[in-house]
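Q: Give the three-dimensional model of this entry:
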Amino acid sequence: METKRTLGKSISRRDMLKAIGVGMAGTALAACAPAQATTAPVKNTEVSAQPPAPQQVEITMLSHIYEPWNNALSASAMQYMGGNNNVKIVYSYIPHADLNTKIVTALASGNAPTIMGVYGPWMPQLVNGGNLSAADGDIISDLDANFPAVMKEAATYSGKVYGYVQHIGIPIPIINQELYDAAGMKPPTTYDELAAVNSKLDQKDGNDWKQFGTTLTTTKAGSWNVIHFSAILFAQGGSFLSDDLSKATFNSEEGASAAKIYQTLAHPEAPSDAFVLGKTAMVCDGPWAKSGYAATAPNLKYKAILPLKGAKAQVTGSYVWFWTVSSKATLDQQAAAWQYLKWLSGPEQYASIYRNVGLLPITKTLPAELAKDEWAQTFSQALNFSKIYYAKHAAWEKIDVAIGEEMERYAAKEITDKEFLGNAETKVNAILKG
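A: So this is what the prediction gives:
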């Protein structure tokens, strides 16, 4: 059953994490806290300019359900069609857990949406199957001129670009300003500085924790533990897989160093809401966190800072969702779809989405209205230090689970760092060998 949608729902941090979250079981995976599986019907929003223009091109568009964002995209489609009467956009969205299956089934039946919202680890399968339209020179020039390098790099496979970034999950350090000020500490810029800061901010009363200097995600749910670990691993000069994607490479000196740092920051004993309760001085989270803080802890004094420097690099691990164009669409539909995505990805459109949803504008230069928005500016600068955390391998989701499971045991101190790295390496290499 198709239903009309209305605009204007407010955002919460929990909804944000659910909407763009990763469910590690099953075929659909995204990189935030897991969305609940559901069998809710497909919901469509169709808006068309009236009267229809001659030779009107219809493009269909599919994404996962997240109502504040869906509403914003519906409004954007209406705005675009208001100035482009020759284009009709039919926008549909379905439960996140069903999205990958829906896309694969639609492609197999020859009835794929013109524009598909795709999670990064799904891209190799779609590209290798010849299911995606490659961007032309006009789109590539736009990416080179107006977007950070990570956007084009993330969308490039075998030398061709296959999408615009729909949104990027870029977790960076966020500090509790009051706790830092009370301890007389400045925000760290390196992991070594963070260790020194935490020696004062970590506080215990006997065996009980009163306050944590830093808390990172410790469970594999949502893949967040692997994402947080990736930032440390990359900063130490390590990687998950070899360049030819044939073997695991994290069981190394760099991996061991990263594992030790991660374990000192993880704190599985900390409550999940420790930051908003003022019990943690630092977390790593994305730009959408701001709305959650406003809703649950309006008096919280917090500040985002740039990714920390490790022994080899200043970097943060990020995940990416793409807008891709089906190669099964007609040439007219493909051309119209790319031009719409070029418009949709511009700074003015993303500024509106940022205001309503909290997804970061991805362009090199933010709109003038965000010039004094320190939060947005910091996350925008962090894009220059962003690297996709996942390898471009079709089996990445299984690899992610294998690493995440062993990390969960390691954070709980059930196994040593050598056991964590060795167990995960064995699992990953078995997956790579098929």
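Q: What is the subsequent helix or strand relative to the strand or helix carrying D400?
A: Secondary structure assigned from DSSP states H and E places D400 in helix 396-411. Next along the chain after helix 396-411, taking DSSP H and E as the criterion, comes helix 417-432.
Q: Pull the distance from that following helix to the chain's centre.
A: 25 Å (Cα atoms, centre = their mean, to the nearest Å).
Q: ok, now stretch 147-164?
A: Using Cα atoms, centre = their mean, the offset of stretch 147-164 from its chain centre is 15 Å.
Q: Do you know the pLDDT at the residue nearest the centre of the chain?
A: For the chain, the residue nearest the mean C-alpha position is G169 (2.5 Å; Cα atoms, centre = their mean). Note on G169: pLDDT of 93.
Q: so how many other residues sit close to the closest residue to it other than its chain neighbours?
A: Excluding its sequence neighbours, the residue lying closest to G169 (Cβ to Cβ, 6 or more residues apart in numbering) is Y319, at 4.5 Å. (Each C-beta comes from the backbone N, C-alpha and C, glycine too.) Y319: 28 surrounding residues under other Cβ atoms under 10 Å.
Q: Got the domain ranges for the protein?
A: As given by automatic domain parsing, the domain ranges for the chain are 13-169+318-388, 172-317+392-432.
Q: between those, which gets the lowest average pLDDT?
A: When I compare these, domain 13-169+318-388 is least confident, with a mean of 84.
Q: And that one, how far out from the chain middle?
A: 12 Å.
Q: ok so, going back, and for the helix holding D400, what's in contact with it?
A: Contacts with helix 396-411, where a contact means Cβ atoms under 8 Å, 6 or more residues apart in numbering, come from 24, 29, 121, 124, 218-220, 223, 225-226, 229, 240-241, 250, 259, 262-263, 266, 268, 390-391, 393, 415-417, 419-420, 423-424, 427-428, 431-432.
Q: Give me the buried entries from the residues you listed.
A: 24, 29, 121, 124, 218-220, 223, 225-226, 229, 240-241, 250, 259, 262-263, 266, 390-391, 393, 415, 417, 420, 423-424, 427-428, 431-432 (16 or more other Cβ atoms under 10 Å).
Q: Among those, name the ones in helices.
A: Members of the buried ones among the contacts of helix 396-411 lying in helices (criterion: DSSP state H): 124, 225-226, 229, 259, 262-263, 266, 417, 420, 423-424, 427-428, 431-432.
Q: and which of the residues you listed is nearest A145?
A: The shortest gap between A145 and any of these belongs to P124, at 27.2 Å (Cβ to Cβ).
Q: how near is the closest one to T218?
A: 29 Å (Cβ to Cβ, to the nearest Å).
Q: swap in M61?
A: 37 Å.
Q: What of L201?
A: For L201, the distance to T218 - Cβ to Cβ - is 18 Å.
Q: Surely I59 is within a strand?
A: Yes - under DSSP: H, G, I helix; E, B strand; the rest coil, I59 sits within a strand.
Q: what sits against the closest residue in space to it that isn't next to it in sequence?
A: Excluding its sequence neighbours, the residue lying closest to I59 (Cβ to Cβ, 6+ apart) is T114, at 4.1 Å. T114 makes contacts with 59-61, 325-326, 329, 333-334, 336-337, as judged by Cβ under 8 Å, 6+ apart.
Q: List the buried residues of stretch 373-388.
A: 373, 375-376, 378-380, 382-383, 385-388.
Q: Now for these: which two are most distant?
A: Largest pairwise distance in the buried residues of stretch 373-388, by Cβ to Cβ, is 25.3 Å, between D373 and I388.
Q: As a check, name the ranges of all strands in this structure.
A: Using DSSP state E, the strands of the chain run over 43-47, 57-64, 87-94, 115-119, 156-157, 160-161, 164-169, 172-176, 203-205, 208-211, 282-285, 302-304, 316-325, 386-388.
Q: Need the max-distance pair from the contacts of T114.
A: Top of the distance list for the contacts of T114 (Cβ to Cβ): M61 and Q334, 13.1 Å.
Q: the more surrounded of the two?
A: Of the pair M61 and Q334, M61 is the one with more neighbours under other Cβ under 10 Å, namely 24 against 21.
Q: and that one, bridged to which residues?
A: Applying DSSP bridges to M61 gives these bridge partners: Y91, I115.
Q: Now for it: which residues touch it?
A: Taking Cβ under 8 Å, 6+ apart as the test, what M61 contacts is 73, 77, 89-92, 113-117.
Q: Tell me the one of these nearest G278?
A: L73 (35.7 Å).
Q: Y91 is in contact with that closest one, correct?
A: Yes - with contact defined as Cβ atoms under 8 Å, L73 and Y91 form a contacting pair (6.2 Å).
Q: what sits in contact with each of the two?
A: Shared contacts of L73 and Y91, counting by Cβ under 8 Å, 6+ apart, come down to 61, 63.
Q: I'd like to know how far the residue nearest to I59 sits from N356.
A: 24 Å.
Q: just Y119 next, same as before
A: 22 Å.
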